[in-house]
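> Please work out how this folds:
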Amino acid sequence: MKQETQPTTQEAPFFTVDDHLRVQQQIEERANEIWRAGGCCDKAALSDWVRAEREVLEQFVLAL
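Purely as a prediction, here's the structure:
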């Protein structure tokens, strides 16, 4: 008779409130850097923010 094995579950990394606040601050700082480097163009603010989110979150996830 074949013995059933239970799948093992891996515990997900814990994302604290402090982590969230730190990442949010890093996104804000990076978006501001990108925006200033681009000449403070209001039309680019959203794309600068999205770029900053992508960069910072990518670094955060890789660090986990």
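> From here on, just use CA atoms for contacts and neighbour counts.
OK.
> Next, the contact list for the spatially most central residue of the chain, please.
By C-alpha atoms, centre = their mean, the chain has its centre lying nearest to Leu57, at 1.8 Å. Contacts for Leu57 (C-alpha atoms under 8 Å, 6 or more residues apart in numbering) come out as Val23.
> any chance you could map the helices in this structure?
With helices called from DSSP state H, the chain shows them at 17-37, 45-63.
> where does this protein dip in pLDDT?
Residues of the chain meeting the criterion pLDDT under 70: 1-10, 12-13.
> Go again with 90.
Where the chain drops to pLDDT under 90, the residues are 1-16, 19, 61-64.
> about what we covered before: may I see the helices of the chain organised as TSV, with distance to Glu11 added?
Shown next, in TSV, are the helices of the chain (distance: least, C-alpha to C-alpha, whole Å):
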stretch	distance to Glu11
helix 17-37	18
helix 45-63	15
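> Excluding chain neighbours, what is closest to Met53?
Quick fix: residue 53 reads Glu, not Met. With sequence-adjacent residues excluded and distances taken as C-alpha to C-alpha, 6 or more residues apart in numbering, Glu53 is closest to Ile27, at 5.5 Å.
> wait, isn't the one you found in contact with Asp48?
No - Ile27 is not in contact with Asp48 according to C-alpha atoms under 8 Å; the separation is 10.0 Å.
> Neighbours of the residue nearest to Glu53, how many?
21 (other C-alpha atoms under 10 Å).
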